[in-house]
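Colleague: Quick one, fold the following:
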Amino acid sequence: NLLLGCELTASTKSYTFQVDEDDSDHILALSVVCLTDGAKDECNVVEVVGRNHENQEIAVPVANLKLSCQPLLSLDNFKLQPPVTFRLAAGSGPVHLAGWHRIMHREDASFEEDDDLSEEDEEELPPIMPAKK
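Modeller: Alright, predicted model coming up:
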């Protein structure tokens, strides 16, 4: 696993993550999107731009951040397949994106067994109780 980080600003509105063609499978997992020092109290919309099964470009908003109400969003390792572009569709940022890049060699059949994020290891959360009035 390799760490990934990039920053979107008014002058750098997009970042494209690409990989070299090789015999490996690549997964990009987005963990956190957050406003950083110098951000204004405005809506900052971050989109993920990719391609669908017909090779047409599609853009999907994944975060709408505002300093006064939601400066940070956890995306819980939202998995994407490169190439993928992150774009600041609204606002001036700066918005920081953090995650990880996993490279899996196709001959490595034990990948599924070694996964650190397996569901078996996750703790079961207690049920949500209604608020008392």
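
Colleague: what helix or strand is residue 75 on?
Modeller: Counting by DSSP states H and E, the element that carries residue 75 is strand 72-80.

Colleague: just residue 85 next, same as before
Modeller: Per DSSP H and E: residue 85 is located in strand 84-90.

Colleague: buried set for that strand?
Modeller: Buried positions in strand 84-90, judged by neighbour count with 16 or more other C-beta atoms under 10 Å: 84-89. C-betas here are computed from N, CA, C, even on glycine.

Colleague: Take the residues you listed and write them to CSV, including distance to residue 1 and pLDDT.
Modeller: Converted to CSV, these look like this (distance: C-beta to C-beta, whole Å; pLDDT from 0 to 100):
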residue, distance to residue 1, pLDDT
84, 17, 89
85, 21, 94
86, 19, 95
87, 25, 96
88, 26, 97
89, 28, 97
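
Colleague: Can I get the strand holding residue 75 in PDB, CA atoms only?
Modeller: What follows is strand 72-80 as a C-alpha-only set of coordinates in PDB (Å, rounded to 0.1, in the frame of the first residue of the first chain):
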ATOM      1  CA  LEU A  72     -14.100  17.400   6.900                       C
ATOM      2  CA  LEU A  73     -15.700  14.300   5.400                       C
ATOM      3  CA  SER A  74     -14.600  10.700   6.000                       C
ATOM      4  CA  LEU A  75     -15.200   8.500   2.900                       C
ATOM      5  CA  ASP A  76     -14.300   5.200   4.600                       C
ATOM      6  CA  ASN A  77     -11.800   4.100   1.900                       C
ATOM      7  CA  PHE A  78     -14.100   4.800  -1.000                       C
ATOM      8  CA  LYS A  79     -12.600   2.500  -3.700                       C
ATOM      9  CA  LEU A  80     -11.900   3.700  -7.200                       C
END
